[in-house]
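> dropping a prediction and its sequence here:
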Amino acid sequence: MLELIWVHDEPEARASPGARLGTHDRWRHRWTGASPFGLCLRRTEESATPPLETWRYQPAYLPAGVAIDVAATSLVTREPLIFVVPTRRPDAARRVAGQTLIHAAGLREVTAVRIGVPESEPLTATLPAVEATGVATFRREAAPRLELGFDGERQGGAADFRPDLSLVFRW
């Protein structure tokens, strides 16, 4: 799933508890140099320990007792925001039942996530820990960029949304 987030209340984005997510700097990435990206990891089991050091974020919209584990490096805004949610993929139950999700463009599955990170800055331990899970790779680049690959990129198609969005699709 790709989710685009827009800040509509700047003072709220700078205030606690959201301030610890670096949302305001990420939203203003063109001026702050922050990474505008976040990457959500899902646990394979409810009790699984995240593969990186985290802190618990309990926004008001979540049910009592449910929290999001956010990477301890969340304020290192030159890197993507990494967080872990306590649930499986929403389509997991449907897949078990044998149903298939059908996308209008014929795409079936995200098979590659490549995120550009600053080539001039040292990386925290968070990004190699995420890479070790096989969920994403991080490339050293001059500017932040998110590249999503679909279905093994077998068709050889691409859509580049830059400069409006630092986003590239490959299928």
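Done, it's in.

> count of residues packed around the nearest residue to Arg154 once chain neighbours are set aside?
Using C-beta to C-beta, 6 or more residues apart in numbering and skipping residues adjacent in sequence, the residue nearest Arg154 is Trp171, 7.8 Å away. All C-beta atoms are positioned from the backbone trio N, CA, C, and that covers glycine. Residues near Trp171, counting by other C-beta atoms under 10 Å, number 19.

> what about Trp171, distance to Arg26?
Per C-beta to C-beta, to the nearest Å, Trp171 is found 27 Å from Arg26.

> likewise for Trp55?
For Trp55, the distance to Arg26 equals 17 Å [C-beta to C-beta].

> next one: Glu3
Taken as C-beta to C-beta, the span from Glu3 to Arg26 is 13 Å.

> between these two, which one's more packed in?
Neighbour count, other C-beta under 10 Å: between Glu3 and Arg26, Arg26 has more, with 22 against 6.

> now do the helix or strand harbouring the more buried one, average pLDDT.
Per DSSP states H and E, Arg26 falls inside helix 23-27. Computed over helix 23-27, the mean pLDDT rounds to 92.

> run through the neighbouring helices and strands of it.
Applying 3 or more C-beta pairs under 8 Å, 6 or more residues apart in numbering; DSSP states H and E, one finds that helix 23-27 contacts helix 10-14.
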